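Q: After the sequence you'll find the predicted model.
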Amino acid sequence: MKSNIICIYPEDETTSFLLPVYECLSNLPNFVGYRNNTTQPDCTRLIIDALTRADSSSIVVFLGHGASNKLYGSVYPDGTKHILLDDSHIEFFSKFNTICVSCRSAEYLKKCRGAFVGFGDITSDFSEVIATRQYEDADFLEWASEGDIHMFRNLLVEALVKTINYTKCSDLSSIYRITELYINKTIAQLLLDKEIPNYRHIANMFYNLLDDMVCVLNN
């Protein structure tokens with residue numbers, strides 16, 4: 001019996017680049033998607049209810065922004081991010097296989113007892129680079145332009161889509177290994193072709209992504 005694929009993808013202009021991943025997942029016959037504005041209480045309640053009722057064989061995929069103690073939803077009119085799930089919801093993920101394509105999701109999911117694939121920091125929007133330069137480190141990705149960040153995230157999405165098409169999200173171990181494979185292929189292609197501006201720096205971003213990517217499987 002195939003596992004259900006439950007994808008939570010809050011509406012947010014800054015994560016619209018992940019839409020090809022969501023659309024690829026939606027082609028799987030066992031797909032259930034939640035693509036809505038989570039600042040609306042009914043939409044958040046719908047997601048919480050779905051996670052509460054979901055079978056333990058489900059694979060939950062989250063696409064969006066995150067931190068070490070939360071997963072963000074959509075954006076309020078004043079620009080602040082809605083907190084969709086925080087540490088009080090971590091037990092939801094103890095019964096699922098979970099994939100979180102979001103910043104510091106590996107730290108967040110390490111608090112649960114379930115199997116997961118998570119990531120470290122993912123610099124996916126140039127506004128993040130500007131904010132970090134302004135408030136934390138003036139030299140953060142000093143080589144990068146907006147085009148470089150767009151190239152990085154587009155290549156990441158391409159690798160994720162290839163992984164979904166290859167694995168059909170059959171099991172977490174395969175998803176992790178094939179994601180790693182395609183990202184390594186991306187790195188090799190960048191270094192071989194040398195056609196993309198700042199190709200070596202972008203390749204280093206993918207090296208760091210792999211270093212921070214975590215897979216924990218149930219015993």
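A: Thanks, I have it.
Q: When you work out contacts or count neighbours from here on, use the C-alpha atoms and nothing else.
A: Fine.
Q: Quick check: mean pLDDT of stretch 169-182?
A: Taken as a whole, stretch 169-182 has an average pLDDT of 96.
Q: Residues contacting it, please?
A: 2-3, 5, 97, 115-117, 159-160, 162-164, 166-167, 210, 215, 217 (CA atoms under 8 Å, 6 or more residues apart in numbering).
Q: Which members of those residues are classed as buried?
A: Neighbour-count burial (16 or more other CA atoms under 10 Å) is assigned, among those, to 3, 5, 97, 115-117, 159-160, 162-164, 167, 210, 215.
Q: and the residues you listed, which two are the farthest apart?
A: Farthest apart among those by CA to CA are 3 and 210. That separation is 26.3 Å.
Q: list the helices and strands the helix or strand hosting residue 165 packs on?
A: Residue 165 belongs to helix 146-167 when elements are defined using DSSP states H and E. Counting contacts by 3 or more CA pairs under 8 Å, 6 or more residues apart in numbering; DSSP states H and E, helix 146-167 packs against helix 19-26, helix 172-193, helix 199-212.
Q: Tell me which residues of the longest one come out buried.
A: Looking back up the chat, that one is helix 172-193. Those would be 172-176, 178-180, 182-184, 186-187, 190-191, for helix 172-193 by 16+ other CA under 10 Å.
Q: now stretch 71-78
A: 71, 72, 73, 74, 75.
Q: Any chance of a markdown table for those, columns secondary structure?
A: As requested, these are exported to a markdown table (DSSP: H, G, I helix; E, B strand; the rest coil):
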| residue | secondary structure |
| --- | --- |
| 71 | strand |
| 72 | strand |
| 73 | strand |
| 74 | strand |
| 75 | strand |
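Q: pLDDT at the residue nearest to residue 14 when sequence neighbours are not counted, what is it?
A: With sequence-adjacent residues excluded and distances taken as CA to CA, 6 or more residues apart in numbering, residue 14 is closest to residue 125, at 6.9 Å. If you check residue 125, the pLDDT there is 93.
Q: Would you agree residue 125 is in contact with residue 148?
A: No. Residue 125 lies out of contact with residue 148 (CA atoms under 8 Å); the separation is 10.0 Å.
Q: Nice, that's everything, thank you.
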